[in-house]
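Visitor: Quick one, what's the 3D model for this:
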Amino acid sequence: KKFDLALADYNKAIELKPDIADSYFGRGSVYANQGKFDLAIKDYNKAAQLNPNNPSLYYSRGYLYASHGDIELSIADFTKCIALMPNAPDPYYIRAQLYARQNKVAEAKADYAMAKKLNPKLTIPPGFE
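Guide: Residues are numbered from 1 along each chain as shown. Presented below is the predicted three-dimensional model:
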């Protein structure tokens with residue numbers, strides 16, 4: 001029910017002002033929470049077109065890609081997120097996990113090291129210290 005209300009609000013916002021990236025990003029997030037991958041990606045893509053400088057967008061879309069097994073697109077989005085927000089440890093940590101899934105050990109180690117530097121409380125998986 002709450003998703004339906006949120007969708008109605010985002011749809012109205014988009015109808016009234018179709019050039020606001022945050023409305024597409026918000027609606028995409030609702031779709032992602034509903035498990036509507038294709039609709040979420042479509043809205044995230046539109047939001048990126050309207051505002052390519054929102055690191056939260058790349059984080060969310062990258063996470064969604066990863067959850068659906070598209071590691072390459074996920075890494076690309078986390079790389080964009082890092083470029084826009086270089087002092088946030090989480091994108092490095094997640095990208096490290098993605099590299100590890102691809103057996104790219106050097107890349108994973110580098111990202112884990114940066115994440116740990118930015119947040120010393122993080123736990124790095126064995127073999128990647």
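Visitor: going forward, measure contacts between C-alpha atoms and count neighbours the same way
Guide: Noted.
Visitor: and residue 54, how many neighbours?
Guide: Neighbour count of residue 54, defined by other C-alpha atoms under 10 Å: 18.
Visitor: For it, give its distance to residue 44.
Guide: 11 Å (C-alpha to C-alpha, to the nearest Å).
Visitor: looking at it, residue 82 is touching residue 91, isn't it?
Guide: Yes - with contacts defined as C-alpha atoms under 8 Å, residue 82 counts as touching residue 91 at a distance of 6.2 Å.
Visitor: quick one, which of those two is more surrounded?
Guide: Between residue 82 and residue 91, counted using other C-alpha under 10 Å, the more crowded position is residue 91 (26 against 20).
Visitor: contacting residues for the nearest residue to residue 108 once chain neighbours are set aside?
Guide: Leaving aside its sequence neighbours, residue 108 sits nearest to residue 96 (C-alpha to C-alpha, 6 or more residues apart in numbering; 4.1 Å). Going by C-alpha atoms under 8 Å, 6 or more residues apart in numbering, residue 96 touches 107-112.
Visitor: Just the ones of those residues in helices?
Guide: Among the contacts of residue 96, DSSP state H puts 107-112 in helices.
Visitor: among those, which two are most distant?
Guide: The distance between the two most remote of those (C-alpha to C-alpha) is 8.6 Å, for 107 and 112.
Visitor: can you count the residues close to residue 86?
Guide: There are 15 residues near residue 86, going by other C-alpha under 10 Å.
Visitor: Next one: it relative to residue 117, how far apart?
Guide: 12 Å.
Visitor: Need the per-residue pLDDT for the residue most central in space within the chain.
Guide: Nearest residue to the geometric centre of the chain (C-alpha atoms, centre = their mean): residue 59, 2.0 Å. We have a pLDDT of 97 for residue 59.
Visitor: what's near enough to touch it?
Guide: Taking C-alpha under 8 Å, 6+ apart as the test, what residue 59 contacts is 77-78, 81, 91.
Visitor: top of those residues by neighbour count?
Guide: Top of the contacts of residue 59 by neighbour count (other C-alpha under 10 Å): residue 78, with 30 neighbours.
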